[in-house]
Each structure stands twice: as C-alpha cells, then as structure tokens.
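Novice: With the input below, show me the fold.
(chains A and B)
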Amino acid sequence: MDTMRERFAAVTSRLLDEDPRLAVVLAEIGTDGFDAAGRRHPERVINVGIREQLLVGVGGGLALAGMRPVLHTFASFLVERPFEQVKLDLGHQEAGAVLVSAYGSYDWPAGGYTHMSPGDVALLDTLDGWTVHVPGHPDEAETLVRRAAAAGDDKVYVRLSGQSNTAGRPVDGAGFLTVREGRAGVVVAVGPVLDDVLAATEGLDVTVLYATTVRPFDGAALRAAVGAGRSADVVLVEPYLAGTSTAYANDALADVPHRVLGLGTGRRELRRYGTVPEHVRAHGLDAASLRERIAAFTAAPAAARA
Amino acid sequence: MTTTPATPAPPTGYDDLPRLMSLMTGDEKHGPAATSTLDALWVLYDRVLRVTPATAETPDRDRFLLSKGHGPMAYYAVLAAKGFVPVDWLPGFGSYDSPLGHHPDRTLVPGAEIGSGSLGHGLPLAVGTALGLRARGLYGRPGRDPRVWVLVGDAELDEGSNHEAIAYAGAAGLDTLHTLVIDNSSATYALPGGIAARFAAAGWSTTTVDGRDHEALHAAFTAPHPGRPHAVVAAVEPAYV
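Specialist: Have a look, this model is predicted:
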C-alpha cells in the first residue's frame, strides 16, 4: 500500500491534468512527487524554495488571480510557521486554498519536536471557515483530497499522516460514520487512531463514531449517537492535541447533561526520539492505554471480560 | 473586491487630491509624510495602470496591491478621483459604518486588490497573483498583458517575508511583477548599499527616481525590463527629521 503522501501526489497530479484552475505550490518539500506533473504543467506546479511565508502568500495571490491553489509541506511549516499568512493572505483576503500537510503530530519521532505539529488543528480553530479533513487511510486521503480540490473557493486543511488504519472506510467529506453501537457511551475516533480505538473498545458496550472530517464538527451525529438517555458520556480520541474538539462536543450536547473526556497528544514536550509506536504509547494512545482510560471514564461493562 | 456603486461623475485632477484628502482628515494642509505615496500613486493610476471602475473585475486588468496599508488617505483620494470610491465616502474615514479604514479591506473598498495593514504581505501576494495570471494563460496579447504592481515602504522591507518574495521573483524571472518602493527614509536600519541594490542583487531591474517628479516616475514605471521583475525606488522627503 502506498502512503497518504504518495497518494496525494499521484491524485493531485491527475487532477492537474483535468482541472486547469488547479495549481500546486511547494516549498522544496515533496517536490519529487510532482516532478512529472511539473513537466506537463510548469506554470501550475510551483516550487518557491524553502520559503514558507511565500508559500502561503503565493497561495493567496493565486486564488486572487482566480486559481485553486493546493499548498503542501510539513504541518509545522504549513500552519505554525506562517500562521499569520494563513490568517491574512487567505482568510482576511477571502482567498480560498487547500492546505495539505504531512508528518502530523509525530510521524517522524527521530526528527524531534521541530518536525511535530500537534497544535495545527487547534490553531486553525482560532480562524473562521476552515474545513479540516483527517484521513485515516490512503484511500480516504484520496477521497478527501479530491473533495477539497473541488470545494469551490473553500479553505480546506487536509492532515495527512504516516499512520494508517488497516482498511479505508467510505468517508464522504462531511459526516461521522457509525462503526460500532453500544449503550454505555460514545467514543469518537479521529482518522488514524481508529484501529487502536476499535481494539481498545473490543467487547465494551460503547458506540464508536469515526470522524475524518472534524471541521465542521458533525455535532448532529454525536447528538444522535448519544440518543434519548438522560445523560451522556463521550470520549474523543484525536491524533493531535488532547481536547481540541472538546468544546465542539460540548456545544453539540448542550441540551443533555454530559461528560467529555478528550484524549490525544499531550502538551508537554517529550524530548524523546525513537519510533511512532513509542510515541503513541507515551501519549497514552495505544490500544491498552485507551481501553483502560475509556473503560474507567464510561464505566462501560466489558462484556468480553465479564 | 467589491464593485463600485452608482456614483456621479468623479472629480479627476491631481489638483483635486488635497481637497479629497482633507475630506478624510479635516486638515487644510498635509505634510509630506502623509502624502509620501501620493505622486507615485497618481502617476500610476493616471498614466500607467490599465484598470478603471468599469474593468475592476475583468481577469486581464492590471493589478495594484497596496502593501503598505498605513496612511491610506492618499490611496483613497486617488481611488475617489478615479471613480472607484464615491467621494461622499471620504468624510466617514475610519468610522464604524465606513468602508474606509485606517488600513484598507479589499472586501469593502472598490478597486482595492488586497486588504493590508500588517506589513510584508503584499509582495508575496503579488508574486502569487502574477503566477496565477500567467497560469491562466492571460499573456501573449500585445497591449493587454496584465501587469502586477505592489507598493511597499522602505521600512516595510524590514519584514523578512518581502525578501522571500524578492529572491524568488528574481530567480523566477517574473517580469510581469513590479514593486514600487516609497522611500521616505523611515527604516531605522537602512539597507547597506541602498534599496535598489538589494533588488538588483536578486536579479531585478531597478530604477531610483525622485518620488515627486511625475515625468521621472512615469519613465521609471514604463521602462522595459524583459525577463526580469522591475523595482522602482521613489525617494521622497524623510519622514522623521
């Protein structure tokens, strides 16, 4: 299976052939994947060098000239470093773009904190009007990249990851999917954490919703999953900063007494290198840790262990 | 950009500009600092830019991006003189109900290509606009090739984002791009060797002129620069003396 980034490059290269309005802007990172497309469309595959403020500014200018720009680099250099450009050169100008990031929260742990961006989605939450896709599988990445490119002049963020679930699911770029149904609580799994969440909740009497589009947040699906009970216990499992979507879940459940546990990556810098599984464990996002925390919070009877 | 509402025939002369500015500020007379951009803006809009209120939405219009959004009275006065902005908007300058703020907002001001105020955003946006117009295939029709102009201040060049844009545009040979630098010596640390040298080192064509001399400005604005972006440094009276 190819990676999400490889799929993104392949799919977007094909989209460049089909849509004359589409342009890809890169800042040295990821150029290999667009070599062939760049030879076919030299004016629509643009590498600005190692210049991330310019990357986003050029995206804004392309949109103002009537193009549909797709910007790509690592999340830390796409959202965090040029954040004011994201705020002003896109949002304030009413200019749309598709931002496609890689490396996420800790896809390259040996690279250390400079290449980690656990706060990208939380940062975008300070701005208005962003759609945020977090695919959990290369097939889902393809679907969501296609939808983002075709989404008019919307501002869309696609957060690619090296981490992936075993199988893709039929995501639609909008609502949450119901993967499992139970009565003692609702667990929302975002993108690549789904396999671990399913393993963690095996035999627990909980509903599992799968979210690959987190903004807008599908509050209606969450509210429906909670059902007609007098109270609700909800666990969010996100592959970025813990609690990023907690306020959205609270808003969705404003009419019912509820508790929300937000799981995700911690704020504290680990100052560790190593591997992805080691970082997953360090943040308590491995299946065993998740099971312990979800079961304790929801008090869900563990049928398999009863 | 927003469209211009129906408006009576605009006043048009350069001599009208002080009166138009006074509508915004209430001052009878403006010092040079308030008008550092005035002459260069006038020459651009009066003699160089191929854009009018009637063509303000056409794909192949020339683009002017005011990057230095501070002190936009001269810009609004020129837009009013050229009929983009109704003159009766000017007295409300900066008020809650006015579309004319102390920094321009492209969604509120007819004819304004960008919203600005935070320094260092116009040049990168101009690079992207020039690339976008090229990608749309709008070139190759003599006399109708859209050109992109961006106005920056000398102190604005402190912002590193400009230098990302200057370096890239020079290397890419982006010859539809033009930067107008209004140099009123307001940078605390002047660029060693001068502003033009910084552009020239990045591969730009450059001209430095008296920013009050309309003929010199026009000559600098229209100088050929095949294969290279063009920078015009317009020197005016120092802002702080």
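Novice: burial of A:P109, as a residue count?
Specialist: For A:P109, the neighbour count with other CB atoms under 10 Å in any protein chain shown is 21. Every C-beta, even on glycine, is put in place using the N, C-alpha and C of the backbone.
Novice: who touches it in this structure?
Specialist: Contacts for A:P109 (CB atoms under 8 Å, 6 or more residues apart in numbering or on different chains) come out as A:272-276, A:278-279.
Novice: Would you state the strands of the chain in chain order?
Specialist: Picking chain A for this. With strands called from DSSP state E, chain A shows them at A:22-26, A:45-47, A:68-74, A:97-102, A:130-133, A:155-159, A:177-180, A:186-190, A:207-211, A:213-215, A:232-241, A:258-265.
Novice: nope, chain B
Specialist: Using DSSP E, strands in chain B cover B:63-66, B:148-153, B:177-183, B:205-210, B:230-235.
Novice: Would you reformat these as TSV and include mean neighbour count?
Specialist: Converted to TSV, the strands of chain B look like this (neighbours: other CB atoms under 10 Å in any protein chain shown):
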stretch	mean neighbour count
strand B:63-66	26
strand B:148-153	26
strand B:177-183	27
strand B:205-210	18
strand B:230-235	25
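Novice: Just send those strands back as JSON lines, with mean pLDDT and distance to B:A80 too.
Specialist: Shown next, in JSON lines, are those (pLDDT from 0 to 100; distance: least, CB to CB, whole Å):
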{"stretch": "strand B:63-66", "mean pLDDT": "98", "distance to B:A80": "14"}
{"stretch": "strand B:148-153", "mean pLDDT": "98", "distance to B:A80": "17"}
{"stretch": "strand B:177-183", "mean pLDDT": "98", "distance to B:A80": "20"}
{"stretch": "strand B:205-210", "mean pLDDT": "98", "distance to B:A80": "26"}
{"stretch": "strand B:230-235", "mean pLDDT": "98", "distance to B:A80": "22"}
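Novice: and A:V132, how many neighbours?
Specialist: Neighbours of A:V132 (other CB under 10 Å): 24.
Novice: May I have the beta-bridge partners of it?
Specialist: A:V132 forms beta bridges with A:Y157, A:R215, as assigned by DSSP bridges.
Novice: Can I get the strands of chain B in a markdown table including distance to B:A77?
Specialist: Converted to a markdown table, the strands of chain B look like this (distance: least, CB to CB, whole Å):
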| stretch | distance to B:A77 |
| --- | --- |
| strand B:63-66 | 13 |
| strand B:148-153 | 14 |
| strand B:177-183 | 15 |
| strand B:205-210 | 21 |
| strand B:230-235 | 17 |
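Novice: interface residues of chain A facing chain B?
Specialist: Counting by CB under 8 Å from any CB of the partner chain, the positions of chain A adjacent to chain B are A:23, A:25, A:43-44, A:46, A:48-49, A:51, A:53-54, A:56-67, A:69, A:84-85, A:88-89, A:92-94.
Novice: The same query, at a cut-off of 7 Å, please.
Specialist: Counting by CB under 7 Å from any CB of the partner chain, chain A comes close to chain B at A:23, A:43-44, A:46, A:48-49, A:51, A:53-54, A:57-62, A:64-67, A:84, A:88-89, A:92-94.
Novice: Give the PyMOL command for selecting the buried subset of those.
Specialist: Buried residues within the residues of chain A next to chain B, by 16 or more other CB atoms under 10 Å in any protein chain shown, are selected in PyMOL with:
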select buried, chain A and resi 23+44+46+48+51+53+54+57+58+59+60+61+62+64+65+67+88+89+92+93+94
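Novice: excluding its backbone neighbours, what's nearest the most centrally placed residue in chain B?
Specialist: A centroid search over chain B (CA atoms, centre = their mean) returns B:L151, at 3.7 Å, as the residue closest to the centre. Of all residues not flanking B:L151 in the chain, B:L180 sits nearest, at 4.7 Å (CB to CB, 6 or more residues apart in numbering or on different chains).
Novice: Tell me who's in contact with that neighbour.
Specialist: B:40, B:149, B:151, B:232, B:234 (CB atoms under 7 Å, 6 or more residues apart in numbering or on different chains).
Novice: Same question for A:R183.
Specialist: Taking CB under 7 Å, 6+ apart, one finds A:D205 in contact with A:R183.
Novice: What mean pLDDT does stretch B:44-62 get?
Specialist: Computed over stretch B:44-62, the mean pLDDT rounds to 97.
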